[in-house]
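> here's a sequence, model it:
(3 chains)
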Amino acid sequence: MDFNSPSPITAQWLSRDSTQIAPELIGCTLVRQMPDGSCFRGVIVETEAYAPEDPAMHAYRRPTARNRVMFGAAGIAYVYLIYGIYHCLNIVTDRAEIPSAVLIRALQLDTLPDWITPPQSLKPDRVAAGPGKLCRALKIDLALNATPFQPGQGLWLEHRYPWFQQQMDQDKLSLTQTTRIGLTKGVDLPWRWYLTDSPAVSRKG
DNA sequence: TGTAAGATCCTA
DNA sequence: AGGATCTTACAT
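Just a heads-up that it's a prediction; the model follows:
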């Protein structure tokens, strides 16, 4: 068993179509480093892609103050506030001037942050089961908008562990592809992926 | 300057 | 099924 962390995901790796990257991010690790240096890790188990010709994408019409980071280069965090309450974390993809991103919708956390345990009566698997919940669990808010995903910074990504890739190659793990959740536009685009048997997925089907 | 909708989540 | 809660985008 290899206990070393896989290599960090680079901006170059993320400089491709969001619809190609979104399924490949399943099984990769999101790392959140707090200001005190402590780290929390979660395996990504659910993603959604947002693309240029996609009416559901925030930058579909034109650049605005909120969506401008999606017009920049790949490898940057796009964080926004939804319903005045929750935050959502996206990874900007593709090259500059091509607005696109992958929404991280659920994580399987390996360690529960201590500020989550007492107040939440959530089962551990459900603590980061949803885009708003994972941002709450890892203290991700607007302060992290436009942050590059880089080791040692507040946020970064790591490639799949070899054992995860092997399980995928042997069809012992599989992905499910479905339509996206919570939208009123682009509802028929099948751009959501999740790890089929994961208990940490926001919802199945 | 006003207003309707929103890539959510929890409770009833 | 409804409410919390408030920013954003677009219309006036």
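
> wait, a strand at residue A:163?
No. Going by DSSP: H, G, I helix; E, B strand; the rest coil, the assignment for residue A:163 is helix, not a strand.

> measure how buried it is and give me the count.
By other CB atoms under 10 Å, 12 other residues sit near residue A:163. (Glycine included, C-beta is placed from N, CA and C.)

> and residue A:36, by the same measure?
For residue A:36, using other CB under 10 Å, the count is 5.

> residues from chain A in reach of DNA strand C?
By the rule CB under 7 Å from any atom of the strand, the part of chain A lying against DNA strand C is A:58, A:61-62, A:64-67, A:80-81, A:83-85.

> now these in CSV, with distance to residue A:44 and pLDDT?
Below are the residues of chain A next to DNA strand C laid out as CSV (distance: CB to CB, whole Å; pLDDT from 0 to 100):
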residue, distance to residue A:44, pLDDT
A:58, 21, 98
A:61, 29, 95
A:62, 30, 95
A:64, 27, 96
A:65, 28, 96
A:66, 24, 97
A:67, 22, 97
A:80, 19, 98
A:81, 22, 97
A:83, 23, 96
A:84, 26, 96
A:85, 23, 95
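
> show me which of those neighbour DNA strand B.
Contacts with DNA strand B within those, counted by CB under 7 Å from any atom of the strand: A:58, A:83-85.

> what about burial for the residues you listed, which qualify?
By neighbour count, with 16 or more other CB atoms under 10 Å, these hold residue A:58 as buried.

> from the ones next to DNA strand B among the residues of chain A next to DNA strand C, which single one is nearest residue A:74?
Within these, proximity to residue A:74 (CB to CB) peaks at residue A:58, which comes in at 16.5 Å.

> what's that closest one in contact with, if anything?
Listed by CB atoms under 8 Å, 6 or more residues apart in numbering, the contact set of residue A:58 reads A:50, A:64, A:66-67, A:70, A:80.

> would you turn these into JSON lines with neighbour count and secondary structure?
Converted to JSON lines, those look like this (neighbours: other CB atoms under 10 Å; DSSP: H, G, I helix; E, B strand; the rest coil):
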{"residue": "A:50", "neighbour count": "27", "secondary structure": "strand"}
{"residue": "A:64", "neighbour count": "10", "secondary structure": "coil"}
{"residue": "A:66", "neighbour count": "14", "secondary structure": "coil"}
{"residue": "A:67", "neighbour count": "18", "secondary structure": "coil"}
{"residue": "A:70", "neighbour count": "23", "secondary structure": "helix"}
{"residue": "A:80", "neighbour count": "15", "secondary structure": "strand"}
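
> closest one of those residues to residue A:102?
For the contacts of residue A:58, the nearest to residue A:102 is residue A:50 (7.4 Å; CB to CB).

> my guess is the closest one contacts residue A:91. True?
No. The criterion here is CB atoms under 8 Å, and residue A:50 misses it with residue A:91 at 10.4 Å.
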